[in-house]
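Asks: attaching a predicted model along with its sequence, questions to come.
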Number of protein chains: 2
Amino acid sequence: MIARVPLRDEVYRQVLDRIHRGDLPAGARLRDAELASQLGVSRTPVREALLRLAREGVLDSSMGRGFRVRSLDASELEEVGAILGALESLALRLSAEPPPDRLDRLAELDRRLEQTRGDAVVCLDIEDEWHRTLLEGCPNRRLLELIASLRQVPRRYLAAFMRDAGRLSLSTLPHTKIAHALRDGGRDSAAAVFEQQWRRGLAELGAWTAGRTPDPKS
Amino acid sequence: MIARVPLRDEVYRQVLDRIHRGDLPAGARLRDAELASQLGVSRTPVREALLRLAREGVLDSSMGRGFRVRSLDASELEEVGAILGALESLALRLSAEPPPDRLDRLAELDRRLEQTRGDAVVCLDIEDEWHRTLLEGCPNRRLLELIASLRQVPRRYLAAFMRDAGRLSLSTLPHTKIAHALRDGGRDSAAAVFEQQWRRGLAELGAWTAGRTPDPKS
DNA sequence: ATTCAACGTACTGTATACGAAATTCAGAAT
DNA sequence: ATTCTGAATTTCGTATACAGTACGTTGAAT
């Protein structure tokens, strides 16, 4: 039984990918007909994907005015960051005791992350997978889904930051701190360290965002 | 300048309303063409609304098989309940110190709630407004939006419970406990009481859900 | 030169049309 | 009676068509 996938899901991923790659910078306008012809599908699935992205906060949409990539806004990052900190910490506390192989896999991902230089998208993909792996012991599927959806937001900021600053790698220090806390102190301890590290990274990214030049109109 | 509202938003509210009223019980199938003709619009905005509801977890949708109202499932309630507990508590802690008139408005809502007998929908509307009022001091708009969206889920369970049990009113005891904690001990104290009361109510509702008969197919 | 208005273009939001997959119901075989 | 099969029908997912609105552009008036 092959799982057929709706076109809207594929379009969703394609558009998100373009945003992550920076092909669609903040403020860029998205014309559904144009995207449709580029992707070789009709406007219908494109609009469904864009509506979803708008509801997830990646795009702005005002009636009759179509869609555009939401501009980078320090307060948005702060708001979503606060939510994510609480939710990921919660997921960690709800998790089952992690089997040793998961710690190994986390370490392996960090090794890959350190070796990756020059491709921000790959870095961020690994970073995402690290988080997924960290939380995969959480039985609350709904929570994990919500976290994955919300993580799109800081990811976009981080991608822009890396492009702008020319920093093409990602520090693994917070990861190792969290992993050590998880190994030594258990999940609650790891959750506390997570929140602390998360807040620190968020503040750094927020400071950069606040000092950014406003969007190009395009 | 009147704000024109997309049809999909109106359809969204209509469908949600029918679900809340019990016109569309758990497991009921939603045929987009049928809804479209009933509401006097085309299938397009109807499908946009249904896709949104599916993403929010109110509906199930599998490829080629359309939409149906998600069945009541104790584990879903538990999962969303855990998320909501954390988020509402967070919103409370992030809130500004509440002005005295807000406490008055909360008390007034409770008075209305106690006087309302016989209409579950009205009860739940007041309950929703009570929560909105409690958290309206929270500056994190994004958080409030997320909470409002997630609250659809327990609301549906509560509506089904009230219909089933013939309980046509809602206890205001948890509200007063939280309000008192807020007045006496501040937001952090209120957040703690909130989590405790929330967990209690959730367990009660979950117990009822677990003992429910499975859905009618319809 | 600048500003305002009227027009034209283009894009959005909504409606309708079409092809394919899935459910249903009839009828035959066990 | 029950189960399997297969055609008919429904309904979904996608494509296309249409109408109304926002925006740009041009031209005229100050």
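Replies: That came in fine, so what should we check first?
Asks: the helix or strand containing residue A:18 and DNA strand C in contact?
Replies: Per DSSP states H and E, residue A:18 falls inside helix A:7-21. No: Helix A:7-21 stays clear of DNA strand C (Cβ under 7 Å from any atom of the strand), getting no nearer than 12.2 Å. For every residue, glycine as well, the C-beta is placed using N, CA and C.
Asks: which pLDDT does the model give the residue in chain A that DNA strand C sits nearest to?
Replies: Nearest to DNA strand C, among the residues of chain A, is residue A:66, at 2.7 Å (Cβ to the nearest atom of the strand). pLDDT, the model's per-residue confidence, is 92 for residue A:66.
Asks: show me the contacts for it.
Replies: Applying Cβ atoms under 8 Å, 6 or more residues apart in numbering or on different chains to residue A:66 gives the contacts A:29-32.
Asks: most neighbours of all these, which one?
Replies: residue A:30 (22 neighbours; other Cβ atoms under 10 Å in any protein chain shown).
Asks: that one is in contact with residue A:19, isn't it?
Replies: No: at 9.4 Å, residue A:30 does not count as touching residue A:19 under the criterion of Cβ atoms under 8 Å.
Asks: can you list residues touching both of these two?
Replies: By Cβ under 8 Å, 6+ apart, the residues touching both residue A:30 and residue A:19 are residue A:69.
Asks: check which residues of the helix holding residue A:18 are buried.
Replies: A:7-8, A:11-12, A:14-16, A:18-20 (16 or more other Cβ atoms under 10 Å in any protein chain shown).
Asks: same question for stretch A:126-146.
Replies: In stretch A:126-146, counting by 16+ other Cβ under 10 Å, buried: A:126-127, A:130-131, A:133-135, A:137-138, A:140, A:142-144, A:146.
Asks: what average pLDDT does that stretch get?
Replies: On average, stretch A:126-146 scores 96.
Asks: and the closest residue to residue A:95 other than its chain neighbours, how close does it get to residue A:69?
Replies: Take residue A:95 and drop its neighbours on the chain: the residue closest to it by Cβ to Cβ, 6 or more residues apart in numbering or on different chains is residue A:137, 3.8 Å away. Using Cβ to Cβ, to the nearest Å, residue A:137 is found at 35 Å from residue A:69.
Asks: can you read off the pLDDT for residue A:3?
Replies: For residue A:3, the predicted pLDDT is 60.
Asks: host element of the nearest residue to residue A:61 once chain neighbours are set aside?
Replies: Counting by Cβ to Cβ, 6+ apart, the nearest residue to residue A:61 once its immediate chain neighbours are dropped is residue A:54, at 4.3 Å. According to DSSP H and E, residue A:54 maps onto helix A:43-55.
Asks: and the residue nearest to residue A:95, how far from DNA strand D?
Replies: Going from residue A:137 to DNA strand D by Cβ to the nearest atom of the strand, to the nearest Å gives 32 Å.
Asks: list the contacts for residue A:192?
Replies: So residue A:192 contacts A:89, A:181 (Cβ under 8 Å, 6+ apart).
Asks: average pLDDT for the helix or strand where it lies, rounded please.
Replies: Counting by DSSP H and E, the element that carries residue A:192 is helix A:187-210. Taken as a whole, helix A:187-210 carries a mean pLDDT of 94.
Asks: and that helix, what's buried?
Replies: Neighbour-count burial for helix A:187-210 [16+ other Cβ under 10 Å]: A:187, A:189-198, A:202, A:205-206, A:208-209.
Asks: near chain B, which residues of chain A?
Replies: Residues of chain A lying near chain B by Cβ under 8 Å from any Cβ of the partner chain: A:3-6, A:8, A:44, A:47-48, A:51-52, A:55, A:57, A:63-64, A:76, A:79-80, A:82-83, A:86-87, A:90, A:94, A:140-143, A:146.
Asks: sorry, back to before: measure how the helix holding residue A:18 sits relative to helix A:43-55, angle-wise.
Replies: Using axes from the mean of the first three to the mean of the last three Cα atoms, to 10 degrees, the direction of helix A:7-21 lies 50 degrees away from that of helix A:43-55.
Asks: now residue A:82. Nearest residue, chain neighbours left out?
Replies: Counting by Cβ to Cβ, 6+ apart, residue A:82 lies nearest to residue B:140, which is 6.0 Å off, once chain neighbours are set aside.
Asks: then residue A:128?
Replies: residue A:151 (6.6 Å).
Asks: can you check residue A:176 too?
Replies: residue A:110 (6.8 Å).
Asks: average model confidence for the helix or strand hosting that neighbour?
Replies: Using DSSP H and E, residue A:110 maps to helix A:100-115. Taken as a whole, helix A:100-115 has a mean pLDDT of 92.
Asks: so how far is it off the chain centroid?
Replies: How far helix A:100-115 lies from its chain's middle: 19 Å, per Cα atoms, centre = their mean, to the nearest Å.
Asks: how about stretch A:162-175?
Replies: 14 Å.
Asks: can you give me the mean pLDDT across it?
Replies: 84.
Asks: that stretch: end-to-end distance?
Replies: Start-to-end span of stretch A:162-175 (Cα to Cα, to the nearest Å) is 18 Å.
Asks: which ones are touching the residue nearest to residue A:61?
Replies: Applying Cβ under 8 Å, 6+ apart, the residues contacting residue A:54 are A:60-61, A:67.
Asks: apply 10 Å and report the result again.
Replies: A:30, A:60-62, A:67-68, A:70 (Cβ atoms under 10 Å, 6 or more residues apart in numbering or on different chains).
Asks: repeat that for residue A:39.
Replies: A:7, A:10-11, A:14-15, A:45-46, A:49.
Asks: for residue A:46, see how far away it is.
Replies: Residue A:39 is 7 Å from residue A:46, by Cβ to Cβ.
Asks: state the number of residues packed around residue A:152.
Replies: When neighbours are counted by other Cβ under 10 Å, residue A:152 registers 17.
Asks: how near is it to residue A:158?
Replies: Following Cβ to Cβ, the distance that separates residue A:152 from residue A:158 is 11 Å.
Asks: mutual contacts of those two, please.
Replies: residue A:20.
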